[in-house]
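Asks: the following block contains a protein sequence and its predicted model.
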Amino acid sequence: ILHLVGNFGWTGTPFAWDVVGRIMLAAALHKITGTLRLYVDDFFGACLTAYLSENNAAVDDVIRTLLGEEALAPKKDLHGRVLVILGWLFDLDKRTVSISENNLLKTLGAFMDIETAAAKSTPVSLHQLERAASLATRYSVLCRPMSAFTSAMYKDIAGFKGNTTATHHVSNNTRVDIELW
């Protein structure tokens, strides 16, 4: 099979796309006033409000030139001093970076899913445990001491030995970690 587009969710996409992304970034950097970064297929920039329209048009032109009209997603064009970017809430006025409300609810849901199963003595799936551990690891960036409270989850994950169809009861240490989160 020859795929003409990237598959959403494929873990190799960021690496394969990086070649195209670096070309787009290099081409766009010379046309804008301000700073510009790229994460996989999303551009993130910072500039004075006076340059915003001009910069957006320049980046859109680079994308159209290299990838065609269909590559643009104008509805995703956002600007402001408070933005959610890749699940993080950036607030320039407060000078803070925190978890977005949507991702906070997803994270709490993942923890509550495991805690509910543990309280009912119901086993959890590998997917449930991996999701909670991944989110805990991601958001421990906001509070470094919380990173210690992910190790029990990862030890329980190792107990699955890669079996995605199995279910296991979580350890008492994982229950404590989940409660702390």
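Replies: It's in.
Asks: contacts for the longest helix along the chain, please.
Replies: Assignment by DSSP state H gives helix 101-119 as the longest helix of the chain. Helix 101-119 is contacted from outside by 84, 87-89, 99, 122-124, 128-129, 131-132, 135-136, 139, 169-170, 174-175, 178-179, 181, using Cβ atoms under 8 Å, 6 or more residues apart in numbering. The C-beta positions use only the backbone N, C-alpha and C, and glycine is treated the same way.
Asks: hmm, which of those residues are the buried ones?
Replies: Neighbour counting with 16 or more other Cβ atoms under 10 Å marks 88-89, 99, 124, 128-129, 131-132, 135-136, 139, 170, 174-175, 178, 181 as buried within the contacts of helix 101-119.
Asks: narrow the residues you listed to those in helices?
Replies: Reading helices off the buried ones among the contacts of helix 101-119 with DSSP H, I get Gln128, Leu129, Arg131, Ala132, Leu135, Ala136, Tyr139, Thr174, Arg175, Ile178.
Asks: how close does the third one sit to Asp77?
Replies: In this structure, Arg131 and Asp77 are separated by 30 Å, where distance is defined by Cβ to Cβ, to the nearest Å.
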